[in-house]
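> One predicted model, sequence on top.
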Amino acid sequence: MSANEEILGQFLGDETFPVTWVSEIEKDFFWVYDDLHIPHPVSPMFFDIGGWWLSCDHMFRRFGTPFAVDWLAKNVNGYVYTTAIPAEPDLRIEGTEYSSRYAARVPRDAAFATAMGGYLDTVLPVYGAHFADWWHDRLVPEMQRNFAYLEEHLDAAGDMSLAETATLLEDAIDIHDRHWKIHWMLNFAQLSATLKLRAVMEKTRGAVDEELLGRLQNSAKDRNWDSIEALWRMKNEVRDDDELRVAFGAGDAEAIGTALRTSERGRLFIADRLEPYQREFGWHAVWSHEFIFPTVREQEEPVLDLIRGYLDSDYDYPAAIEVMRRDIEAASREILDGLEGEALAEMSVANETNLRMAPLTPDHHFYIDQGANAHVRLVLLAIGRKLVEAGRLDAPDDVLFLRYNELRMLIGNASVVDGRGLVAARRTEREASKQLQPPNWIGTATPSQLAFPYLVNWGYPERFHQGRPAAEGPVTGIAASPGQVEGIARVVMTVDEFDDVADGDILVCQMTNPAWVVLFTKIAGLVTDTGGTTSHPAVLSREFGIPAVVGTSVATKRIRTGDRIRVDGSAGTVDVLESAGGGPVVAAPVGIGS
């Protein structure tokens, strides 16, 4: 932060949310609560080796970004806050990685930001133009080989030694980091394609049509849709088979699984349909940016619940995908309509590049945000089982409550680390953290820090300028997907509540990620606590054509399941028309920076 820069706001902690500052310089930075990815108290292991921020220095180095050179994370009362580091040679601020401290990577040259900016402008169009080819021809095959290697060893983990599984973890970390480096390449390539389309739209049409631009970010062919198609096919098989249909009427998912195993037909369905689905599409959890939540690969109940939900609604995948294809085609015609000559040619190229990049948003979640983290989790659990067998821990997932180097010490010599004591203390700390209400941001807000481009994913600077949310009246947020809808609210906080979502419900939640995509085939609208116009819930809502308001900060506190609400995805407002109990809606208190 420049010494003479205007301070727009500051929160350094209070009795409800105390903050320990490692240095005075930390206080000068704008730290954003990462409810976009990790809205719950973070596990020690994920903070050490799983965080998306751990590879950001690679992104900034590769592209020569003038606006930032590193991205740091801070664990505050169990919650993750992150901040971007500017290219200032005199800056000394501490970061952490692999349980170790380091100084943020800043350039020695005071003129770096000014001199390097031209490099980004020069190379970025190359990524926008060619990355889709790199993705399909080179990068996806590389990631598939990496996953095949880990899965082969995970299948044989029962016969591996503790030392061999420890070595496999190092391989998994290397693979995780490599996939995240690919992630940042893709992010900038998508940014280039989107910025180009916006620029050409403004040049040829005089203004940017945000709704049209949103429709052109949609995709009708990606791994999200592949997963939905696979569920739809299983639904049809159950619908058309008397024996399977009876089993799926047995009750909850656990009862369905038991019923399937009582017959040869049911066992065949599990072996030929359910388990292959888990092996292909099960590499994600309800919150993918964490190791602590079980993946679909480990549990069949979420898949059975989804099939039953599709069966109840007789979900029509071909019709849904056809609507999406036709809308993308219509939007493509609309953006070209009336243009001629050079303007038509320029817009055609920009639109075609954008359309090729659009499927990479859900696809990169599949291979990176979900897949890379899920594979590391399963390797950690394989180590955990070895440590339980050796009498060093009580449960396989105890490893997630250790720091990275604590785990390695425990593997090497059980006498130097009180594994059980550390795990018990960390589990207690995590439960205590759940009782806190983390503010949206801490530290110091300035114009330059609010202007950091990536903060749009969290809904900034809009969420900052909204100030403290009102305790009464409409819930306000960011207009994410246009349209207006009225319906019954369904507040969903955990995967256990997915099956409660009925056709036509309006989903109210903290945040979504690709694990939630199956709910979008049911819901009529969406409201989230966090996110911006480029965040997952905003993009997916536009893809499914449902109104959405994101970045409200307080939706899950002020809206209750059963409330009748009106969502205006064009204005960014949510009105509670009638409370679930018929009485007044009692607003929950909101904290500083909320």
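Perfect, thanks for sending it.
> need the contact list for residue 204.
Listed by C-beta atoms under 8 Å, 6 or more residues apart in numbering, the contact partners of residue 204 are 339, 343, 346, 347. Using the backbone N, CA and C atoms, a C-beta is placed for each residue, glycine as well.
> Buried residues in the helix or strand where the last one lies, which are they?
Here residue 347, judged by DSSP states H and E, is contained in helix 341-357. Buried residues in helix 341-357, counted by 16 or more other C-beta atoms under 10 Å: 346, 347, 350, 351, 353, 354, 355, 356, 357.
> Which strands or helices does it pack on?
With contacts taken as 3 or more C-beta pairs under 8 Å, 6 or more residues apart in numbering; DSSP states H and E, helix 341-357 sits against helix 112-134, helix 162-205, helix 317-336.
> Put the alpha carbons of it into PDB.
Provided in PDB are the C-alpha atoms of helix 341-357 (Å, rounded to 0.1, in the frame of the first residue of the first chain):
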ATOM      1  CA  GLY A 341     -17.000  -6.600 -43.700                       C
ATOM      2  CA  GLU A 342     -14.100  -6.100 -41.300                       C
ATOM      3  CA  ALA A 343     -16.400  -5.800 -38.300                       C
ATOM      4  CA  LEU A 344     -18.100  -9.100 -39.100                       C
ATOM      5  CA  ALA A 345     -14.800 -10.900 -39.600                       C
ATOM      6  CA  GLU A 346     -13.300  -9.500 -36.400                       C
ATOM      7  CA  MET A 347     -16.400 -10.400 -34.300                       C
ATOM      8  CA  SER A 348     -16.600 -13.900 -35.900                       C
ATOM      9  CA  VAL A 349     -13.000 -14.700 -34.900                       C
ATOM     10  CA  ALA A 350     -13.400 -13.300 -31.300                       C
ATOM     11  CA  ASN A 351     -16.700 -15.200 -30.800                       C
ATOM     12  CA  GLU A 352     -15.300 -18.500 -32.200                       C
ATOM     13  CA  THR A 353     -12.300 -18.200 -29.800                       C
ATOM     14  CA  ASN A 354     -14.500 -17.500 -26.900                       C
ATOM     15  CA  LEU A 355     -16.800 -20.500 -27.700                       C
ATOM     16  CA  ARG A 356     -13.800 -22.800 -27.900                       C
ATOM     17  CA  MET A 357     -12.700 -21.600 -24.400                       C
END
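> In PDB, list the C-alpha atoms belonging to stretch 10-24.
Output of stretch 10-24 as PDB, limited to C-alpha atoms (Å, rounded to 0.1, in the frame of the first residue of the first chain):
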ATOM      1  CA  GLN A  10      -9.900  -1.000   8.100                       C
ATOM      2  CA  PHE A  11     -10.700  -3.900  10.400                       C
ATOM      3  CA  LEU A  12      -7.800  -5.300  12.500                       C
ATOM      4  CA  GLY A  13      -9.900  -7.600  14.700                       C
ATOM      5  CA  ASP A  14     -12.100  -7.300  17.800                       C
ATOM      6  CA  GLU A  15     -13.400  -9.400  20.600                       C
ATOM      7  CA  THR A  16     -15.800 -11.400  18.400                       C
ATOM      8  CA  PHE A  17     -13.100 -12.200  15.800                       C
ATOM      9  CA  PRO A  18      -9.600 -11.500  17.100                       C
ATOM     10  CA  VAL A  19      -6.700 -11.300  14.600                       C
ATOM     11  CA  THR A  20      -3.100 -12.100  15.300                       C
ATOM     12  CA  TRP A  21      -0.800 -10.000  13.000                       C
ATOM     13  CA  VAL A  22       2.600 -11.400  12.400                       C
ATOM     14  CA  SER A  23       3.900  -8.000  11.400                       C
ATOM     15  CA  GLU A  24       2.800  -4.400  11.100                       C
END
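> Could you measure from the closest residue in space to residue 442 that isn't next to it in sequence over to residue 65?
Nearest non-adjacent residue to residue 442, counting by C-beta to C-beta, 6 or more residues apart in numbering: residue 31, 4.8 Å away. Using C-beta to C-beta, to the nearest Å, residue 31 is found at 20 Å from residue 65.
> One more: residue 414?
Distance, residue 414 to residue 65, by C-beta to C-beta: 45 Å.
> How about residue 377?
Taken as C-beta to C-beta, the span from residue 377 to residue 65 is 31 Å.
> Show me which of these two is the more surrounded one.
Remark: of residue 377 and residue 65, residue 377 carries more neighbours, 29 against 20, as counted by other C-beta atoms under 10 Å.
> Identify the residue spatially nearest to the more buried one, adjacent ones excluded.
Sequence neighbours aside, residue 291 is the residue nearest to residue 377 in space, at 4.4 Å (criterion: C-beta to C-beta, 6+ apart).
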